[in-house]
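>>> Curious how this folds, go ahead:
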Amino acid sequence: MDIVIKVLSTLVAIEFLFIMYLETLATSSDRTSKTFNFTKKELSSDKIKLLMKNQGIYNGLIGLVILYAAFISDNGQELLIINMIYIVLVALYGAYSSSNISIFFKQGTLALITLLILVFS
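Next up is the predicted model:
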C-alpha cells in the first residue's frame, strides 16, 4: 500500500481516536464542550455522558479498524475504501441533521481526500 495512503489513513484513525477520547474520557471538558457545541452543564448530565461514551466506543473502533486495514489486513485497500465511504456519509449526515456544514469539513474532509486517493491510485 502506498505510503501516502498509510499516512492519510493513520491521520483519519488518529482523528477518530481523539474523538473517542473526547467522548469517553474527557466527556465534560472544555474541549469537548467546544468541539460538540454543548454546554458543560449539558455534558454533565448522566444521560448525555452515557450517550457520549457509547458513541465514543464506536468512533474508537472505527479508528482501530482503519489502522488494522492500513497496516495488517491483506485486504487493506478494500477495507479502507469502505470505512472512508462510511465516514464521509456520516459526516454528510451530521452536517445535514445539525444544519452545521462545518461538521462535514471537520470530520469528512480528510476521509474524502483519502478515499479519492484510494479510488484513483
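
>>> which of the residues in the biggest helix by length in the chain are buried?
When the chain is parsed with DSSP state H, its longest helix is helix 46-71. Using 16 or more other Cβ atoms under 10 Å as the burial criterion, the residues of helix 46-71 that qualify are 48, 52, 56, 59, 60, 62, 63, 65, 66, 67, 69, 70. C-beta coordinates here come from the backbone N, C-alpha and C atoms, glycine included.

>>> After that helix, heading C-terminal, what element do we hit next?
helix 76-98 (DSSP states H and E).

>>> buried stuff in that next one?
Quick answer for helix 76-98 (16+ other Cβ under 10 Å): 76-77, 79-81, 83-84, 87-88, 90-92, 94-95.

>>> what inclination does that helix have with respect to helix 46-71?
Helix 76-98 runs at 150 degrees relative to helix 46-71, counting by axes from the mean of the first three to the mean of the last three Cα atoms, to 10 degrees.

>>> and for the following helix or strand past helix 76-98, what are the contacting residues?
For helix 76-98, the succeeding helix or strand toward the C-terminus, using DSSP H and E, is helix 102-120. The contact list for helix 102-120, computed with Cβ atoms under 8 Å, 6 or more residues apart in numbering, reads 2, 4-5, 8-9, 11-12, 15, 19, 77, 80-81, 83-85, 87-88, 90-92, 94-95.

>>> Next, the angle from the longest helix of the chain to helix 102-120.
Using the same axes, to 10 degrees: helix 46-71 against helix 102-120 is 20 degrees.

>>> so what secondary structure elements neighbour helix 46-71?
Packed against helix 46-71, as judged by 3 or more Cβ pairs under 8 Å, 6 or more residues apart in numbering; DSSP states H and E, are the following elements: helix 3-24, helix 40-43, helix 76-98.

>>> Quick one: distance of the shortest one to the chain centre.
Relative to the mean C-alpha coordinate of its chain, helix 40-43 is positioned 22 Å out (Cα atoms, centre = their mean, to the nearest Å).
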